[in-house]
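A.B. asks: Give me coordinates for this.
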Amino acid sequence: MPHNTGLSSDDLFKLRSMRPGMVVDLQVQSPTLKRRVKTEFVGIDGNRNLIFRFPDDNKWAGLDGSIYMNNTMIVRCILEDETGVIVAFKVKITIVITKPSKLIFAAFPESIQSHGLRAEQRAQTRIAALLIDTQERSDIIPCLVRDISNQGCMISIGRDAKGIRPAIDQELELLIPNSQGDDISLSGHVRNKKEDDTRHYYGIQFCAEENDVAKLLSQLLINTDNP
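C.D. replies: From the prediction side, this is the model:
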């Protein structure tokens, strides 16, 4: 990902969470037209462009007058599976191609707005932890806990980190040291994974009952609180 976009690492992660084929809402405008239309996200072109399928001409007539090079549009989509948010951002159209299919190429946004969807919001953290294979009882790899709730957490692992990467559905133990020297242990299963240019990200669903996890979270928040 480019480093001169002004986007935070969390915003860049949201862009990387957009999956090819997902439905997006485009708000387009010209001197004679203002409309919101549905289309499909195609993918990311390296470090340069976001790619969208041109909306169906039969369903959304007259869009050629508002979707053209150097015009801007607002993109909205739901990242429910990975991050639980609605995101919206403004992009500048760099080019529209017609072959082999009609596609819109747009520059990366300068900023992203987001709104949480989860009933239970996750606390944002940057806590060092260690992953342990539950069955083998052996250390796998160090990680960072990026967010956490009673139900689960998101961890990240550096691409250059030494160790074994976890697999989908693998049962793991998350070992979190605290200032009292008494490690906190949370067990769970890996449910999803993603990556960007620098890190791998894994969503973990906790195995313990909610009240047990809440008790551990309470201890964790006390021991890791920074004034």
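
A.B. asks: Send me stretch 85-102 as PDB with only the CA atoms.
C.D. replies: Provided in PDB are the C-alpha atoms of stretch 85-102 (Å, rounded to 0.1, in the frame of the first residue of the first chain):
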ATOM      1  CA  VAL A  85     -18.400  -1.400   9.900                       C
ATOM      2  CA  ILE A  86     -20.000   0.600   7.100                       C
ATOM      3  CA  VAL A  87     -17.300   2.600   5.300                       C
ATOM      4  CA  ALA A  88     -17.600   5.600   3.100                       C
ATOM      5  CA  PHE A  89     -15.000   7.500   1.100                       C
ATOM      6  CA  LYS A  90     -14.500   9.900  -1.800                       C
ATOM      7  CA  VAL A  91     -12.400   8.900  -4.700                       C
ATOM      8  CA  LYS A  92     -11.200  10.500  -8.000                       C
ATOM      9  CA  ILE A  93     -11.900   8.500 -11.200                       C
ATOM     10  CA  THR A  94      -8.600   8.000 -13.000                       C
ATOM     11  CA  ILE A  95      -9.900   6.200 -16.100                       C
ATOM     12  CA  VAL A  96     -12.900   4.300 -17.400                       C
ATOM     13  CA  ILE A  97     -12.200   1.400 -19.700                       C
ATOM     14  CA  THR A  98     -14.600  -0.500 -22.000                       C
ATOM     15  CA  LYS A  99     -12.600  -3.600 -22.900                       C
ATOM     16  CA  PRO A 100     -12.400  -6.400 -22.100                       C
ATOM     17  CA  SER A 101     -15.200  -5.200 -19.800                       C
ATOM     18  CA  LYS A 102     -16.400  -1.800 -18.700                       C
END
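
A.B. asks: and that stretch, how far out from the chain's middle?
C.D. replies: 19 Å (CA atoms, centre = their mean, to the nearest Å).

A.B. asks: how many neighbours does the residue lying closest to residue 164 once chain neighbours are set aside have?
C.D. replies: Distances taken as CB to CB, 6 or more residues apart in numbering place residue 140 nearest to residue 164, at 4.8 Å, with adjacent residues excluded. In this view, the C-beta of every residue, glycine as well, is placed from N, C-alpha and C. Applying other CB atoms under 10 Å, we find 18 other residues in the vicinity of residue 140.

A.B. asks: what does the helix or strand encompassing residue 140 rub up against?
C.D. replies: Using DSSP states H and E, residue 140 falls within strand 138-148. For strand 138-148, the surrounding residues in contact (CB atoms under 8 Å, 6 or more residues apart in numbering) are 122-133, 153-157, 161-166, 172, 174, 176, 201-202, 217, 220.

A.B. asks: Now, of those, which are buried?
C.D. replies: 122, 125, 127, 129-132, 153-157, 165-166, 172, 174, 176, 201-202, 217, 220 (16 or more other CB atoms under 10 Å).

A.B. asks: wait, what's in contact with residue 38?
C.D. replies: 23-26, 55 are the contacts of residue 38 under CB under 8 Å, 6+ apart.
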